[in-house]
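K.L.:
Any chance you could fold what I've pasted below:
(one chain, ligands or ions: 1)
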Amino acid sequence: MMSPKMTDALNQQINEEYFSNYIYLAMAAYLEDMDLEGMAHWMRMQAQEEYLHAMKIFDYMIERGARVELKPVAAPPKEWESPLAAFEAALEHEQYMTGNINTLADLAINERDHATNNVLQWYVTEQVEEEANVDSIVKKLKMMGGGGQGLFMMDRELASRPMPTIVEGAGGA
Ligand code: OFO
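P.N.:
Okay, the predicted model is just below:
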């Protein structure tokens with residue numbers, strides 16, 4: 001049986017992943033408003049990925065017989081100073097999420113919950129990729145100087161991000 005502490009912490013993480021979904025949707029809306037449709041597409045795909053992250057924990061908890069409790073999702077910001085600022089905020093957000101996952105893994109170890117720790121290790125690996133993806137976009141945008149031509153090129157590049165698929169591992173999604 002999953003401990004109450006672990007159950008609460010995973011429920012909180014479902015909420016954090018839904019907030020991630022929300023913040024990337026807000027960034028997509030901001031970029032759509034600037035007619036940067038490729039960047040907005042990238043953010044929509046990221047939002048979809050966050051939904052899958054939430055559902056992987058959701059499904060895992062159900063598999064373990066732990067009670068899922070959905071909490072209110074906070075409102076994300078609406079504006080950023082520039083597209084670069086939005087991607088920088090995305091990177092900062094992913095670093096924050098990595099911290100959450102590491103804290104959860106520490107808790108699973110303390111609770112001697114090896115099954116949950118195993119599922120969380122998938123997220124540990126995933127966060128390396130999450131940070132690297134955004135970091136690379138931020139670096140390219142900075143290199144291009146944030147001007148019109150650079151934005152146009154990045155917009156075209158980010159338009160090709162494929163739809164994220166169901167991730168493998170315990171918990172289904
Ligand atoms: Fe769920 O990884 Fe991003 O936030």
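
K.L.:
pLDDT score for residue 150?
P.N.:
As predicted, residue 150 sits at a pLDDT of 88.

K.L.:
Now it: which helix or strand?
P.N.:
helix 148-158 (DSSP states H and E).

K.L.:
And that helix, how far out from the chain middle?
P.N.:
Chain-centre distance of helix 148-158: 23 Å, with CA atoms, centre = their mean, to the nearest Å.

K.L.:
Equivalent analysis for stretch 61-81, please.
P.N.:
12 Å.

K.L.:
do that stretch and the ligand meet at all?
P.N.:
No - against the ligand, stretch 61-81 shows no contacts by CB under 6 Å from any ligand atom, the least distance being 12.0 Å. For every residue, glycine as well, the C-beta is placed using N, CA and C.

K.L.:
Report the buried residues of that stretch.
P.N.:
Across stretch 61-81, burial judged by 16 or more other CB atoms under 10 Å covers 61, 64, 66, 73, 76, 80.

K.L.:
what does stretch 133-149 give?
P.N.:
Those would be 133, 134, 135, 137, 138, 141, 144, for stretch 133-149 by 16+ other CB under 10 Å.

K.L.:
Make TSV from those residues and add distance to the ligand and secondary structure to it.
P.N.:
Formatted as TSV, the buried residues of stretch 133-149 follow (distance: CB to the nearest ligand atom, whole Å; DSSP: H, G, I helix; E, B strand; the rest coil):
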residue	distance to the ligand	secondary structure
133	9	helix
134	9	helix
135	13	helix
137	14	helix
138	15	helix
141	19	helix
144	24	coil
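
K.L.:
Can you name the two of these that sit furthest apart?
P.N.:
By the measure CB to CB, 133 and 144 form the most distant pair in the buried residues of stretch 133-149, at 17.2 Å.

K.L.:
Counting only helices, which of the buried residues of stretch 61-81 make the cut?
P.N.:
Taking DSSP state H, the ones among the buried residues of stretch 61-81 that sit in helices are 61, 64.
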